[in-house]
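K.L.:
structure of the sequence below:
(one chain, ligands or ions: 1)
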Amino acid sequence: MSTPIAFIQSTKLKAKPADETKLGFGSIFTDHMFVMDYVVGKGWINPRVEPFAPLLMDPSTIVLHYGQSVFEGLKAYRRADGGINLFRPELNFERINNSSRRLGIPELPVSQAMDGLYRLLEIEADWVPSAPGTSLYIRPFIIATEAHLGVKSSDTFKFMIILSPSGAYYAHGLDPVSIYIEDEFVRAVRGGTGFAKTAGNYAASILSQEIAHDKGYDQVLWLDGISMTYIEEVGSMNVFFVIDRKLVTPALNGSILPGITRRSVIELAKHWGMAVEERRLSIKELIEASEQGLVNEVFGSGTAAVISPVGKLAYEDRVFTYNDGEIGPISQKLYDTMTGIQYGELADELNWVKPLN
Ligand SMILES: *Cc1c(COP(=O)(O)O)cnc(C)c1O
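P.N.:
Got it, this is the predicted structure:
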């Protein structure tokens, strides 16, 4: 039913990265990208894989001024048998449409967009690295492309998927990070765009991230934008606490990004029979539980790191240390299980993996 995907092959293929232990993140791109255009009245048209190349845009293009854009992030993992796994990719495409609705962007035809990703990955399969912990990062995104300075929804959009081989997130084991609790700025508010993966949320977070760095911390812990009382996220990850042996994470409330790793952590912990609570967690409750020694582990969750243990948390003039600043047993088990499933080393009991070949 869906339109066939055209393929315009690049005439100058790039050399693959020589040393997969030095890939880093987000600066190397493959030879091709997937593109589909939206034109009002016509819908999404012209699905194609074409050479990766810069875009030519009019300086008045809507996305450059008003940020009408959404994005996603997922990874392709090289299995030991040479095949490639994706992890719950359908959830990324559901989520990009939820984000798009909030930003006034037309929704994608999900199966056609996913076919575009599969076609692109088939063409670029050799770019999926195989060194331990490496992956091919997949960035689908939509931008408003109409040249127009008025504030309105664009009449034209581009949906694109670009691919970037990326290095192991943890080159030297899972080193816990230190977190600074942001009590001046917020990243999102109720009724705003917090649940959407959109450029503006990131723009709003950069200053705090820089202040945290200047103070010697790795990341920021965000409080809710209304009362600055409840815990929301950590950096650009969801956040979990092991409090008195229970796994606690802030309930989705519209200003928290519904992470696919978050959802998977919850499902996995429940599958193991752990008590999981999705609820409001105030900073006061966290501080009190920390003082009583009831907070066993703290970690962030997201596609890039999977699990990012938090060793140290600073609030006002106090600093709390968790699990002696080392990764805790639950964080480690979640990390090992999730990555084991992603790379096809462990049985996929919850049916999460989409093998591509
Ligand atoms: C993408 C993102 C996450 C994590 O989502 P995953 O689907 O687990 O990668 C968490 N918080 C924010 C703000 C994000 O943008």
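
K.L.:
could you list which residues are in contact with residue 187?
P.N.:
Listed by Cβ atoms under 8 Å, 6 or more residues apart in numbering, the contact set of residue 187 reads 194, 201, 204, 205, 208, 222, 225, 232, 233, 255. (C-beta placed from N, C-alpha, C; glycine too.)

K.L.:
what subset of those is also close to the ligand?
P.N.:
residue 233 (Cβ under 6 Å from any ligand atom).

K.L.:
quick check: residues of this protein near the ligand?
P.N.:
73, 197, 233, 236-238, 257, 259-262, 301-303.

K.L.:
next step: these restricted to helices.
P.N.:
Residues of the residues of the chain next to the ligand located in helices (DSSP state H): 260, 261, 262.

K.L.:
list the contacts of the last one.
P.N.:
Going back to what we said before, that points to residue 262. By Cβ under 8 Å, 6+ apart, the neighbours of residue 262 are 238, 240, 249, 301.

K.L.:
same question, the second one
P.N.:
Neighbouring residues of residue 261 by Cβ under 8 Å, 6+ apart: 237, 238, 301, 302, 303, 306, 307, 338.

K.L.:
nearest to residue 323, of the contacts of residue 187?
P.N.:
residue 233 (20.6 Å; Cβ to Cβ).

K.L.:
and the closest one, how far is that from residue 214?
P.N.:
21 Å (Cβ to Cβ, to the nearest Å).

K.L.:
how about residue 104?
P.N.:
Distance, residue 104 to residue 214, using Cβ to Cβ: 36 Å.

K.L.:
cool, residue 62 as well?
P.N.:
According to Cβ to Cβ, residue 62 stands 34 Å off from residue 214.

K.L.:
can you give me the buried ones in stretch 333-344?
P.N.:
334, 335, 337, 338, 339, 341, 342, 343, 344 (16 or more other Cβ atoms under 10 Å).

K.L.:
do stretch 225-232 as well
P.N.:
In stretch 225-232, counting by 16+ other Cβ under 10 Å, buried: 225, 230, 231, 232.

K.L.:
and the helices in the stretch 251-357 of the chain, which stretches?
P.N.:
260-271, 283-291, 329-342 (DSSP state H, counting those that start in this stretch).

K.L.:
residue 126 touches residue 16, doesn't it?
P.N.:
Yes: look at residue 126 against residue 16 with Cβ atoms under 8 Å: they come within range, at 6.8 Å.

K.L.:
who's more crowded, these two?
P.N.:
residue 16 (13 against 10; other Cβ atoms under 10 Å).

K.L.:
just the pLDDT at the more buried one, thanks.
P.N.:
Looking at residue 16, its pLDDT is 95.

K.L.:
next one: residue 173
P.N.:
76.

K.L.:
tell me the phi and psi of it?
P.N.:
phi 80, psi 170 (degrees, to the nearest 10).

K.L.:
what's the answer for residue 126, then?
P.N.:
Torsion angles, degrees, to the nearest 10, at residue 126: phi -70, psi -10.

K.L.:
which ones are touching it?
P.N.:
Counting by Cβ under 8 Å, 6+ apart, residue 126 touches residue 16.

K.L.:
returning to what we had before: mind checking which of the residues of the chain next to the ligand are in strands?
P.N.:
233, 237, 238, 301, 302 (DSSP state E).

K.L.:
now, which of these sits nearest the ligand?
P.N.:
When these are compared for distance to the ligand (Cβ to the nearest ligand atom), residue 302 wins out at 3.8 Å.

K.L.:
look at the residue located most distally from the centre of the chain and report its pLDDT.
P.N.:
Residue farthest from the centre of the chain, counting by Cα atoms, centre = their mean, is residue 292 at 33.3 Å. pLDDT, residue 292: 95.

K.L.:
residue 62 and residue 214: who's more crowded?
P.N.:
Applying other Cβ under 10 Å to residue 62 and residue 214 shows that residue 62 carries more neighbours, namely 26 against 9.

K.L.:
for stretch 287-296, which outside residues touch it?
P.N.:
For stretch 287-296, contacts defined as Cβ under 8 Å, 6+ apart pick out 241-245, 286, 313, 315, 318, 320, 322-323, 328, 330.

K.L.:
can you do 10 Å?
P.N.:
By Cβ atoms under 10 Å, 6 or more residues apart in numbering, the residues outside stretch 287-296 that reach it are 181, 241-246, 248, 281-282, 286, 298, 313, 315-316, 318, 320-323, 328-331.
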